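> model the following, please.
(chains A, B and C)
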Amino acid sequence: VSYGWLSFLTDYGLEDGFVAACHGVIARIAPTARVIDIGHAVLAGDIRRGAAVLAQTVLALPPAVHVAVVDPGVGTERRPLAIAAGTSLLVGPDNGLLIAAAEALGGISSVYVLANPQLWLHPVSPTFHGRDVFCPVAARLATGTALADVGPAIAPSSLARLAPPAVVVSGGVLEADVVAVDHFGNVQLAATSVPPEWQPGQLLTVESGRGPQPASLGGTFGDVEAGDLLVFVDSAGHVAAAVNGGRADALLDVAAGPRLRIGPADR
Amino acid sequence: VSYGWLSFLTDYGLEDGFVAACHGVIARIAPTARVIDIGHAVLAGDIRRGAAVLAQTVLALPPAVHVAVVDPGVGTERRPLAIAAGTSLLVGPDNGLLIAAAEALGGISSVYVLANPQLWLHPVSPTFHGRDVFCPVAARLATGTALADVGPAIAPSSLARLAPPAVVVSGGVLEADVVAVDHFGNVQLAATSVPPEWQPGQLLTVESGRGPQPASLGGTFGDVEAGDLLVFVDSAGHVAAAVNGGRADALLDVAAGPRLRIGPADR
Amino acid sequence: VSYGWLSFLTDYGLEDGFVAACHGVIARIAPTARVIDIGHAVLAGDIRRGAAVLAQTVLALPPAVHVAVVDPGVGTERRPLAIAAGTSLLVGPDNGLLIAAAEALGGISSVYVLANPQLWLHPVSPTFHGRDVFCPVAARLATGTALADVGPAIAPSSLARLAPPAVVVSGGVLEADVVAVDHFGNVQLAATSVPPEWQPGQLLTVESGRGPQPASLGGTFGDVEAGDLLVFVDSAGHVAAAVNGGRADALLDVAAGPRLRIGPADR
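Here you go, the predicted structure:
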């Protein structure tokens, strides 16, 4: 199996040439493959955010070798992995980063530890496995190197996993952890459906760090007046809060409360 | 007609995977096409800025399907469009974003509303038409789908347009709206030529929020001393103000006055 | 000789379409060539930083025409250059930007001044040589235009060079200029080796703007406790300081002292 596409997500930023060095490694090993940058602006070391961005993007991409490196433990005992999931492969550290994406892609079929140094670039920098381990292996997988060549298979149950975020639905009230605040200030929750009691256009109250705020259930930003709060199911299938023409993170003061409680307005 | 290139401009930012999802959609539908990212750092919802960046960049690009999405009205009644202009196509919302680029490319030849759901990705998220409507249609147009297949033709006169910026030239004095402040702090005006009375090296006075500032007419930054103010015609053909080795937006306090008045220094 | 790859580094930022215009020019002249963006976030006019990013990245890339434009003197008498180095070419202004990269690639073989206007795009904007001079010439070089066609050869000894950064090693103490602070806050020094007296795990004292700080010599971030200071050789071969899970630039207050002094802790 070979892949014409790789995707690439890191917390490297774009100031330093780290991302370009990885692109260069891929270009040298797999010159005909093409790379889609999922993003490199994940906050340094924020595995949870990296995992969410990756999981919410991979389904829009063609089958690919998805390389993700948010790896505060680089160079320590944490294992480097290659995971088969659906028709794609995932390559990155064993710190929980890849799990949600693997599930989105159809579930983990098999897992291998990157233990074959013949596939790496030498000397391996202990602080830049993206360039010297993950991308070289991913590029070789793209050109048809067999998964079993990267190292020994391990049990999926042995993988590090992030603690699942909290979602509680009861009596028409949804309480859920914030997964992400996006570029527009939209606040995405861990919940992937609204309580069955809510009706279209339902008036709601959102409780957060700033106290209760009125909101309406809708489908898109223009369903509420400019400046008003909308609760909706976002483009990744998550319940979210937005302000039409504004920022929900500011209105809700999300920095002060990493969980939202949303219920009918008349309670 | 098919296109080997697409371009892509949005206000999505690069933190969230939105841009990558769009790249993925294009890759799946038009795998041999290549995408030039014009930029994704337009301030959220700033249609005017998006329109200017697009219009000032498309002429440097090869013939392409140019996709632009700065779309605060996503999911509402605003129409999604495909426009033929010169040897290129433009795809995006009917909110004025595409007009200046169409004019730069040679003028609008024809306009179609995206109304054929067979060309979209389903389910269509009401908040992410970039991924589910604009990019799928653009990618299909790149592969040779006929414009008439996207939906019905409409009259160019029916398109939403931005109010034109103000430019007044009189008696050797130029007064014009600020179109953009660029990465270097250069202040670009709506005017595309200087008053005929001005001579090369002309000493000028620039009036802005901070009061009158001395300047000289020149061709490039080094034509004035470090720290001094230059008035010049910029690389997009607009009259602009710059500071050699500094930021004109700061020197002129542009945030306090969105219009500049420039005249000879001896008035 | 032709090249399938170009690389591209500027201080243009990504807000304005400048980088995209350059990509467009390359696409029109060398449509089958591919471009790796080294980065466009170099601080405006920071030639020294641009030179360091370029030099530390090019070795990871395939043979290419490397275009670099950090060019505060655009449009003035500073010369535009093409340099042959190793199996690559470098194109950019004669202000020191390209020298370290040329040395990393194996040293300067020959240098030419871009003086043949037939290879440029006209009219040439005096403020955007990236679009109108450097990228057109680079793209033509990629398609096989001979170096000698760009203009006359000049002596490498005539090139502008940056002052070399200071590195002093004496009696087990290293004192060196800061070359860069990276995305993670790691502080990279000009030194490329540690004093021979230092042992693995050596306890050290780092002196900077904030006064002496304890540190340990190690290989990767996890070699010290969270929050502790590590001295290590980074992925570009430079001595550097990092904080495990934190920012060394903040801990060392690097803004206050552009040079670090590192010695054994027991002095």
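> span of stretch A:119-130 from start to end?
Start to finish, the residues bounding stretch A:119-130 are 13 Å apart (Cα to Cα, to the nearest Å).
> how about A:Ser110, what does it touch?
A:Ser110 makes contact with A:Ile83, A:Ala84, A:Leu147, A:Ala153, A:Pro156 under the criterion Cβ atoms under 8 Å, 6 or more residues apart in numbering or on different chains. For the C-beta atoms, the positions are set from N, CA and C on the backbone; glycine is no exception.
> got the phi and psi for it?
In terms of degrees, to the nearest 10, the main-chain angles of A:Ser110 are phi -160, psi 160.
> so which bits of the helix or strand A:Pro136 falls within are buried?
Taking DSSP states H and E as the criterion, A:Pro136 maps to helix A:135-142. For helix A:135-142, a neighbour-count test (16 or more other Cβ atoms under 10 Å in any protein chain shown) marks A:Cys135, A:Pro136, A:Val137, A:Ala138, A:Ala139, A:Arg140, A:Leu141, A:Ala142 as buried.
> could you point out which element follows the strand ranked longest in chain A?
For chain A, the strand that runs over the most residues, judged by DSSP state E, is strand A:173-181. Using DSSP H and E, the helix or strand that follows strand A:173-181 in sequence is strand A:187-189.
> what lines up beside that following strand in the sheet?
When pairing is defined by DSSP bridges, strand A:187-189 lines up against strand A:173-181 (antiparallel), strand A:239-243 (antiparallel).
> quick one on the thing from earlier: tell me the helix or strand right after the helix holding A:Pro136.
strand A:153-154.
> same for that next one, what does it pack against?
Using 3 or more Cβ pairs under 8 Å, 6 or more residues apart in numbering or on different chains; DSSP states H and E, the elements in contact with strand A:153-154 are strand A:108-113.
> quick one: mean pLDDT for the following helix or strand past the strand it packs on?
As assigned by DSSP H and E, the chain's next helix or strand after strand A:108-113 is helix A:129. When pLDDT is averaged over helix A:129, the result is 97.
> near chain C, anything from helix A:129?
No - Helix A:129 lies out of reach of chain C by Cβ under 8 Å from any Cβ of the partner chain, never closer than 9.4 Å.
> could you check how far that helix is from the centre of its chain?
How far helix A:129 lies from its chain's middle: 20 Å, per Cα atoms, centre = their mean, to the nearest Å.
> do stretch A:224-242 as well
With Cα atoms, centre = their mean as the basis, stretch A:224-242 stands 20 Å off its chain's centre.
> dump the C-alpha coordinates for it into CSV.
In CSV, the C-alpha atoms belonging to stretch A:224-242 read as follows (Å, rounded to 0.1, in the frame of the first residue of the first chain):
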residue,chain,number,x,y,z
VAL,A,224,-29.7,35.1,16.1
GLU,A,225,-29.4,38.9,16.2
ALA,A,226,-25.9,40.5,15.9
GLY,A,227,-24.3,40.2,19.3
ASP,A,228,-26.6,37.5,20.6
LEU,A,229,-25.6,34.1,21.8
LEU,A,230,-26.3,31.0,19.7
VAL,A,231,-26.1,27.3,20.7
PHE,A,232,-25.6,25.1,17.7
VAL,A,233,-24.1,21.9,16.4
ASP,A,234,-20.9,22.9,14.7
SER,A,235,-19.2,21.7,11.5
ALA,A,236,-17.4,18.9,13.4
GLY,A,237,-20.6,17.6,15.0
HIS,A,238,-20.1,19.2,18.4
VAL,A,239,-22.4,21.3,20.5
ALA,A,240,-21.0,24.8,20.5
ALA,A,241,-21.7,28.4,21.5
ALA,A,242,-21.2,31.4,19.2
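> list the buried residues in it.
Going by neighbour count (16+ other Cβ under 10 Å), the buried part of stretch A:224-242 is A:224, A:228-236, A:238-242.
> what two of these are the furthest from one another?
By the measure Cβ to Cβ, A:Asp228 and A:Ala236 form the most distant pair in those, at 22.5 Å.
> which bits of the stretch 101-250 of chain A sit near chain C?
Where the stretch 101-250 of chain A comes near chain C, counting by Cβ under 8 Å from any Cβ, the residues are A:Ser125, A:Pro126, A:Thr127, A:Phe128, A:Arg131, A:Asp132.
> in TSV, list those along with distance to B:Val113 and neighbour count.
Shown next, in TSV, are these (distance: Cβ to Cβ, whole Å; neighbours: other Cβ atoms under 10 Å in any protein chain shown):
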residue	distance to B:Val113	neighbour count
A:Ser125	54	22
A:Pro126	57	20
A:Thr127	53	24
A:Phe128	50	25
A:Arg131	47	27
A:Asp132	51	22
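> can you pull the contacts of A:Val187?
Contacts for A:Val187 (Cβ under 8 Å, 6+ apart) come out as A:Val178, A:Ala180, A:Val181, A:Ala240, A:Ala241, A:Ala242, A:Ala248, A:Asp249, A:Leu252, A:Val254, A:Leu260.
> for the fourth one, which non-adjacent residue is closest in space?
Using Cβ to Cβ, 6 or more residues apart in numbering or on different chains and skipping residues adjacent in sequence, the residue nearest A:Ala240 is A:Asp234, 4.2 Å away.
> distance check, the one you found against A:Ala248.
Distance, A:Asp234 to A:Ala248, by Cβ to Cβ, to the nearest Å: 11 Å.
> any residues in contact with both of those two?
With Cβ under 8 Å, 6+ apart, A:Asp234 and A:Ala248 have common neighbours A:Asn186, A:Ala240.
> which parts of chain A sit against chain B?
Counting by Cβ under 8 Å from any Cβ, chain A sits next to chain B at A:4-5, A:7, A:9, A:34, A:36-42, A:53-54, A:56-57, A:60-62, A:180, A:182-184, A:219-223, A:232, A:234-235, A:242, A:245.
> what about the residues you listed, which are in strands?
Per DSSP E, strands hold the following members of the residues of chain A next to chain B: A:Trp5, A:Ser7, A:Leu9, A:Arg34, A:Ile36, A:Asp37, A:Ile38, A:Gly39, A:Ala180, A:Phe232, A:Ala242.
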